[in-house]
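1. The sequence and its predicted three-dimensional model are supplied below.
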Amino acid sequence: MTKEQGLGVQSAPDRKTAYVILGGPDDAQNFAKAGEILRNGGVVGFPTETVYGLGASVYCEEAIEQVFRAKGRPNDNPLIAHIADMDGLEQLVSVMPETARKLAEAYWPGPMTLVLPKLPLVPDAVTAGLDTVGVRMPSDPNARAMLREAKVPVAAPSANRSGKPSPTRAQHVWQDMDGRIDMILDGGQCACGLESTVIDCSGDGIVILRPGYITAKMIEDATGIVPTIGYGKDLGGSTPRAPGMKYRHYAPKGKLYLATGEGSLEEQCKAIADAYDSNFAHGSKCVILVTEQDKGFFGEREQILIGNLDDLSTIAHSVFKAFRDCDTKGYDLIYMRCVPEEGVGAAIMNRVVKASAGTV
Ligand code: TXA
Ligand code: MG
């Protein structure tokens, strides 16, 4: 196991975690309470349009440390600072390059993080000692209401324990964080279901560090610049050469195996069915993550429907939930086909390959 898999220092559960369901008459009061907790150095799990975040005031190093402890995350991995509006940028960033300004105008608020030169007052604990800071202005109305009440930028990684799939429901945050944080705001399902696109605008050109809903094409449309891919495309190809070689991430407890993406639909499904059958015969509990397009191929074998290839956002929306459902149901082996790397498909494949243990 590597450090990235969660061998960082982990806190024992020793906090009382308040669980608040949003969407009722007490919302204003609950956002005010969450804001107060954040300003006073507490940690709050909150919904965004991408995934749930684990928030702490950028200025409170003790709270930032608790975020790393609660996640079991190595502290050399920087956090994203979340802001309610453009005024928040002034508290974080020393220069706003023209490319970043164009991207912010086009896609903020929204599922996009910009890596920018930081002001000295942003603590090293947030940026892992880098001279840049990742900034995001989320569009989710609950996230925005909480950020407005916090009145400080809120550093937040995804609210999962390190190595596990990102949470797209408040219940997932509860599973991972009960007793480790002060409050969870339940705003229902996340609209996108995958983390933001991380774009480095701090140097020459534009580099995509993590693919997401905001695609390379959308970045080019807004800026006129073709971005560089900076996220290890070799592992994210539709024919993964060595998935799981470095370390698993976003992963369910069961082992995930991908059809290589080569051959016809029938050939891929047959490869999965054969692997399923031989492991099932040896006593493994197996499941196939299917789409509308291939669900007819697997007969009585156990399946979870993850969406429709004609609309990849349906798969983005449910893939992390499917991984967590596999854990709940205790599957040992999970199979799925690759999706085309068009649009948000690049982001789906990036996460799926990182979560996988190999190919069939
Ligand atoms: O959608 C999201 O981005 C969610 C929600 C909560 O906003 N947050 C999230 O945070 O996914 P996290 O910590 O799980 O992932 C942040 C990614 C990491 O890969 C980190 O290395 C990168 O952003 N990152 C943050 N600051 C950076 C910086 N200054 N330079 C390069 N990469 C950075
Ligand atoms: Mg994460």
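-> Received, thanks. Residues are numbered from 1 along each chain as shown. Ligands and ions are numbered 1, 2, ... in the order given.
2. any low-confidence regions in the stretch 51-200 of the chain?
-> Along the stretch 51-200 of the chain, no part satisfies pLDDT under 70.
3. So which bits of it are right by ligand 1?
-> 51, 53, 77-80, 113, 115, 127, 130, 132-134, 136, 156-158, 195-196, 198 (Cβ under 6 Å from any ligand atom). All C-beta spots, glycine's among them, are computed from the backbone N, C-alpha and C.
4. Which among these count as buried?
-> Buried members of those, counted by 16 or more other Cβ atoms under 10 Å: 51, 53, 78-80, 113, 115, 127, 130, 132-134, 136, 156-158, 195-196, 198.
5. Which of those residues fall within helices?
-> Judged by DSSP state H, those include T127 as members of helices.
6. what about the helices in the stretch 1-150 of the chain?
-> 27-39, 61-71, 86-89, 98-107, 124-127, 141-150 (DSSP state H, counting those that start in this stretch).
7. So what's the predicted local confidence for the spatially closest residue to G263 that is not a sequence neighbour?
-> Nearest residue to G263, sequence neighbours excluded (Cβ to Cβ, 6 or more residues apart in numbering): A271, at 7.5 Å. Looking at A271, its pLDDT stands at 96.
8. So A271 versus K295, what's the distance?
-> 16 Å (Cβ to Cβ, to the nearest Å).
9. of these two, who's got more company?
-> A271 (19 against 14; other Cβ atoms under 10 Å).
10. In three-state terms, label the nearest residue to T168 once chain neighbours are set aside for me.
-> Once flanking residues are discounted, T168 sits nearest to C190: 4.5 Å by Cβ to Cβ, 6+ apart. Following DSSP: H, G, I helix; E, B strand; the rest coil, the label given to C190 is coil.
11. hang on, C190 packs against G53?
-> No - with contacts counted by Cβ atoms under 8 Å, C190 stays clear of G53, the gap being 10.0 Å.
12. ok so, going back, tell me the most buried of the helices of the stretch 1-150 of the chain?
-> Of all the helices of the stretch 1-150 of the chain, helix 141-150 has the most neighbours on average by mean count of other Cβ atoms under 10 Å, namely a mean of 23.
13. Quick check: buried residues in stretch 222-230?
-> A222, T223, P227.
14. From T113, how far out is the most centrally placed residue in the chain?
-> Residue closest to the average C-alpha location in the chain (Cα atoms, centre = their mean): E195, at 3.4 Å. Relative to T113, E195 is positioned 9 Å away (Cβ to Cβ).
15. Touching both of these two, which residues are there?
-> Overlap of the contact sets of E195 and T113 (by Cβ atoms under 8 Å, 6 or more residues apart in numbering) consists of R210.
16. the domain parsing of the protein - what is it?
-> Annotated domains of the chain cover 18-229, 255-359 [automatic domain parsing].
17. from the middle of its chain, how far away would the longest one be?
-> The one in question is domain 18-229. 10 Å (Cα atoms, centre = their mean, to the nearest Å).
18. And the residue nearest to T168, its phi and psi?
-> Main-chain dihedrals, C190, degrees, to the nearest 10: phi -80, psi 140.
19. Make residue 1 into 55 and carry on from there
-> Let's use 55 as the start, then, which means that last one is C244.
20. How about the contacts made by it?
-> C244 touches P101, T102, E103, T104, V105, Y106, D194, T222, R223, H371, counting by Cβ under 8 Å, 6+ apart.
21. From those residues, pick the one nearest ligand 1.
-> Nearest to ligand 1, judged by Cβ to the nearest ligand atom, of these is T104 at 3.2 Å.
22. Relative to F122, how far out is the closest one?
-> T104 is 20 Å from F122, where distance means Cβ to Cβ.
23. re the thing from before, residues shared between the contacts of C244 and G107?
-> The contact lists of C244 and G107 share P101, where a contact means Cβ under 8 Å, 6+ apart.
24. ok, G361 to V398 distance?
-> In this view, G361 and V398 are 11 Å apart by Cβ to Cβ.
25. overlap in contacts of the two?
-> Shared contacts of G361 and V398 (Cβ under 8 Å, 6+ apart): A370.
26. mind checking the SS state of A376?
-> Per three-state DSSP, A376 ends up helix.
27. Quick check, D240 in contact with F100.
-> No - counting by Cβ under 8 Å, D240 sits too far from F100 to count as a contact (9.4 Å).
28. Comparing these two, which residue is more hemmed in?
-> The neighbour comparison of D240 against F100 (other Cβ under 10 Å) goes to F100, with 32 against 19.
29. For the more buried one, which residues are in contact?
-> Contacts here follow Cβ under 8 Å, 6+ apart; on that basis F100 touches A88, Y106, G107, G109, N196, A197, M200, A210, A213, I238, L239, G241.
30. In the stretch 255-404 of the chain, where is pLDDT below threshold?
-> 287-301.
31. That one: helices as residue ranges?
-> For the stretch 255-404 of the chain, the helices defined by DSSP H, counting those that start in this stretch cover 270-277, 287-290, 319-335, 366-383, 399-409.
32. how about those helices in a markdown table, adding distance to ligand 1?
-> A markdown table is the format used below for the helices of the stretch 255-404 of the chain (distance: least, Cβ to the nearest ligand atom, whole Å):
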| stretch | distance to ligand 1 |
| --- | --- |
| helix 270-277 | 16 |
| helix 287-290 | 14 |
| helix 319-335 | 29 |
| helix 366-383 | 11 |
| helix 399-409 | 11 |
